[in-house]
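Participant: the following block contains a protein sequence and its predicted model.
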Amino acid sequence: TLSDRLTSVLQNLRGKGRLSEADIDATAREIRVALLEADVALPVVRTFIAKVKERAKGAEVSQALNPAQQVVKIVNEELVGILGGETRRLNLAKNPPSVIMLAGLQGAGKTTLAGKLAKWLKGQGHTPILVACDLQRPNAVTQLQVVGERAGVPVFAPEPGNGVGDPVDVARKGIEEAKRAQHDIVVVDTAGRLGVDEEMMRQAVDIRAAVQPDEVLFVVDAMIGQDAVNTATAFSEGVGFTGVVLTKLDGDARGGAALSVREVTGQPILFASNGEKLEDFDVFHPDRMASRILGMGDMLTLIEQAEQAFDADQAEAAAVKMGSGQLTLEDFLEQMLALRKMGPIANLLGMLPGAGQMKDQLANLDEKHLDRVQAIIRGMTPAERDDPKIINASRRLRIANGSGVRVSDVNDLVNRFFEARKMMSQMAGRFGLPGGGGKNN
Ligand code: GDP
Ligand code: MG
């Protein structure tokens, strides 16, 4: 995935204050290779890289995020943008029935989708009906009937034994049936061919004209990679569509087709299919797809939370203090409260790439313990928080009694605090944090 490539580049960005041109170029190169490997169409890759570079170069120094996180954030936002931004909902008619027509190559997954869509719509309180307009393949009608039965929705099909019927005629009659039986949504399944061909396009255009659909969904197999772009372009010009459904995403984790199709046709992706069963289907969310392509879902969550919870100025001030060894227990308490705002500590640590060993060490750092620490610090006077060195034996006893803990707990906290302060000061020196290398421990 993109994340494998990015991880190594991002490692070099750790501890840097600002992104250099060289850093940005190196990152862009890796993204480019990753996207091409994921079968994203070249023009789409170019546009994407250009956007990411431009934004990275103009990026302000962030106080909540480190440079590596900043790059991930930009890449992610551009990915979401290229995938369509907001989640797009189905367009339904003001006066039912709404008509949804499916188009696409043979084997793309239209008939399967008809069933999935029907089941999903039913779950949303609609009363869909399926219409079988694929009269080309011998078993196509039966297949739709089977799918409809599984989804628990009726299927309108031509009377058997009348020879090969006219799909446009069936489509029209299907709509009439929907009106008569008061179905609020009609899903029209159509025929496809193995390749793009004129007759198929003409038939699709005729059906479209006859049923005046509210949505024409172009169904495309995500596994066909680069070909998805050509097919999409052909359908876009030949029939026209209002939305895209990606199928067989279970077979293609890279998501290249998703990126290309949306960018090349300008039409949004509405749904995604990821398996043969009726349940293997979901509304398409650009942000989720982006995080899947990026492969850094947890890191993204962390970035989001960091931005929300962190008061940048406070963090900056604390960082300086930490680095210079002047951190007080008051700062410590503030930082802890800010951190806890972001959620349970264990979850936060789990999101950090490579936090494996640290997680074990901190497994006993449970929430109850944090509550106790909070209570102890609150039981101290401002002077004690400011300069923990003055906390002598009698003060420790008073604090312990005041906050309902044992004296050994207070000792523990104070000792650990001194240790932590020393460690932070050393770390700051090593990673070049502001105020780093202080010796005032
Ligand atoms: P149509 O010709 O466009 O109507 O395509 P079908 O609905 O008949 O599907 C073609 C084949 O793809 C069938 O074997 C389906 O079971 C399979 N299929 C459809 N959607 C998916 C999917 O999302 N994932 C997987 N793995 N298979 C799918
Ligand atoms: Mg079919």
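Facilitator: In hand now; what should we look at? Numbers count the residues shown, from 1 in each chain. Ligands and ions are numbered 1, 2, ... in the order given.
Participant: residues in contact with whatever residue of the stretch 201-350 of the chain ends up closest to ligand 1?
Facilitator: Closest approach between the stretch 201-350 of the chain and ligand 1, counting by Cβ to the nearest ligand atom: residue 273, at 3.3 Å. For the C-beta atoms, the positions are set from N, CA and C on the backbone; glycine is no exception. Taking Cβ atoms under 8 Å, 6 or more residues apart in numbering, we find residue 273 in contact with 109, 112, 113, 116, 245, 246, 247, 248, 249, 280, 281.
Participant: and the fourth one, what helix or strand is that in?
Facilitator: Assignment of secondary structure by DSSP states H and E places residue 116 within helix 110-123.
Participant: dump that helix to CSV, keeping only the CA atoms.
Facilitator: The C-alpha trace of helix 110-123 is given here as CSV (Å, rounded to 0.1, in the frame of the first residue of the first chain):
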residue,chain,number,x,y,z
LYS,A,110,-24.8,-5.3,-12.3
THR,A,111,-27.2,-8.1,-11.6
THR,A,112,-25.6,-8.9,-8.2
LEU,A,113,-25.7,-5.2,-7.5
ALA,A,114,-29.4,-5.0,-8.3
GLY,A,115,-30.0,-7.5,-5.5
LYS,A,116,-27.7,-5.7,-3.1
LEU,A,117,-29.2,-2.4,-3.8
ALA,A,118,-32.8,-3.8,-3.4
LYS,A,119,-31.9,-5.3,-0.1
TRP,A,120,-30.3,-2.1,1.1
LEU,A,121,-33.1,0.1,-0.1
LYS,A,122,-35.6,-2.2,1.6
GLY,A,123,-33.6,-1.8,4.8
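Participant: ok, then the element right after it?
Facilitator: For helix 110-123, the following helix or strand on the C-terminal side (DSSP H and E) is strand 128-133.
Participant: hmm, that following strand in reach of ligand 2?
Facilitator: No: against ligand 2, strand 128-133 shows no contacts by Cβ under 5 Å from the ion, the least distance being 9.0 Å.
Participant: and that strand, how far out from the chain middle?
Facilitator: Relative to its chain's centre, strand 128-133 lies at 33 Å (Cα atoms, centre = their mean, to the nearest Å).
Participant: Provide the strand pairings for that strand, with the direction of each partner.
Facilitator: strand 155-156 (parallel), strand 185-190 (parallel) (DSSP bridges).
Participant: from the centroid of this structure, which residue is nearest?
Facilitator: residue 288 (2.0 Å; Cα atoms, centre = their mean).
Participant: all strands of this protein, in order?
Facilitator: Remark: strands assigned in the chain by DSSP state E are 98-103, 128-133, 155-156, 185-190, 215-221, 243-247, 269-273, 281-283.
Participant: and those strands as JSON lines, adding mean pLDDT and distance to residue 301?
Facilitator: Shown next, in JSON lines, are these (pLDDT from 0 to 100; distance: least, Cβ to Cβ, whole Å):
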{"stretch": "strand 98-103", "mean pLDDT": "98", "distance to residue 301": "34"}
{"stretch": "strand 128-133", "mean pLDDT": "97", "distance to residue 301": "35"}
{"stretch": "strand 155-156", "mean pLDDT": "96", "distance to residue 301": "42"}
{"stretch": "strand 185-190", "mean pLDDT": "98", "distance to residue 301": "35"}
{"stretch": "strand 215-221", "mean pLDDT": "96", "distance to residue 301": "30"}
{"stretch": "strand 243-247", "mean pLDDT": "95", "distance to residue 301": "24"}
{"stretch": "strand 269-273", "mean pLDDT": "94", "distance to residue 301": "21"}
{"stretch": "strand 281-283", "mean pLDDT": "92", "distance to residue 301": "19"}
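Participant: which residues does residue 25 contact?
Facilitator: Residues counted as contacts of residue 25 (Cβ under 8 Å, 6+ apart) are residue 53.
Participant: distance of it relative to residue 54?
Facilitator: Going from residue 25 to residue 54 by Cβ to Cβ, to the nearest Å gives 12 Å.
Participant: point out where the stretch 251-400 of the chain drops to low pLDDT.
Facilitator: 252-254, 297-298, 308-319, 321-323, 338-366 (pLDDT under 70).
Participant: which stretches of it form helices?
Facilitator: Listed in chain order, the helices found in the stretch 251-400 of the chain under DSSP state H, counting those that start in this stretch are 256-265, 286-294, 297-309, 312-324, 329-341, 345-351, 356-361, 367-378, 382-386, 393-403.
Participant: need the residues of this protein near ligand 2, please.
Facilitator: Contact residues, the chain versus ligand 2 (Cβ under 5 Å from the ion): 110, 111.
Participant: list the contacts for whatever residue of the chain ends up closest to ligand 2?
Facilitator: Among the residues of the chain, residue 111 lies nearest to ligand 2; the distance is 3.2 Å by Cβ to the ion. By Cβ under 8 Å, 6+ apart, residue 111 lies in contact with 134, 140, 143, 144, 147, 189.
Participant: between the residues you listed, which is nearest residue 416?
Facilitator: Nearest to residue 416 out of those is residue 147 (Cβ to Cβ; 62.5 Å).
Participant: which ones are touching that closest one?
Facilitator: By Cβ under 8 Å, 6+ apart, the residues touching residue 147 are 111, 112, 114, 115, 118, 130, 278.
Participant: quickly list what residue 185 is bridged to.
Facilitator: residue 98, residue 128.
Participant: correct me, but it touches residue 91?
Facilitator: No: with contacts defined as Cβ atoms under 8 Å, residue 185 does not count as touching residue 91, sitting 11.3 Å away.
Participant: distance of the nearest residue to residue 143 once chain neighbours are set aside relative to residue 190?
Facilitator: Among residues not flanking residue 143 along the chain, residue 111 sits closest, at 5.3 Å (Cβ to Cβ, 6 or more residues apart in numbering). Taking Cβ to Cβ as the measure, residue 111 falls 10 Å from residue 190.
Participant: who touches both of the two?
Facilitator: residue 134.
Participant: which residues of this protein lie near ligand 1?
Facilitator: 104, 106-112, 192, 247-248, 250-251, 273-276, 280 (Cβ under 6 Å from any ligand atom).
Participant: filter those residues to the buried ones?
Facilitator: 104, 106, 108-112, 192, 247-248, 273-274, 280 (16 or more other Cβ atoms under 10 Å).
Participant: break this protein down into its domains, please.
Facilitator: 2-86+295-300, 98-284, 311-431 (automatic domain parsing).
Participant: please identify the deepest-packed of the ones you listed.
Facilitator: Mean neighbours per residue, mean count of other Cβ atoms under 10 Å, is largest over the domains of the chain for domain 98-284, with a mean of 20.
Participant: which helix runs longest in the protein?
Facilitator: Identified as the longest helix of the chain according to DSSP state H is helix 407-431.
Participant: and that one, what does it pack onto?
Facilitator: When contacts are defined as 3 or more Cβ pairs under 8 Å, 6 or more residues apart in numbering; DSSP states H and E, helix 407-431 packs onto helix 312-324, helix 329-341, helix 367-378, helix 393-403.
Participant: dump the residue contacts of residue 251.
Facilitator: Taking Cβ under 8 Å, 6+ apart as the test, what residue 251 contacts is 222, 223.
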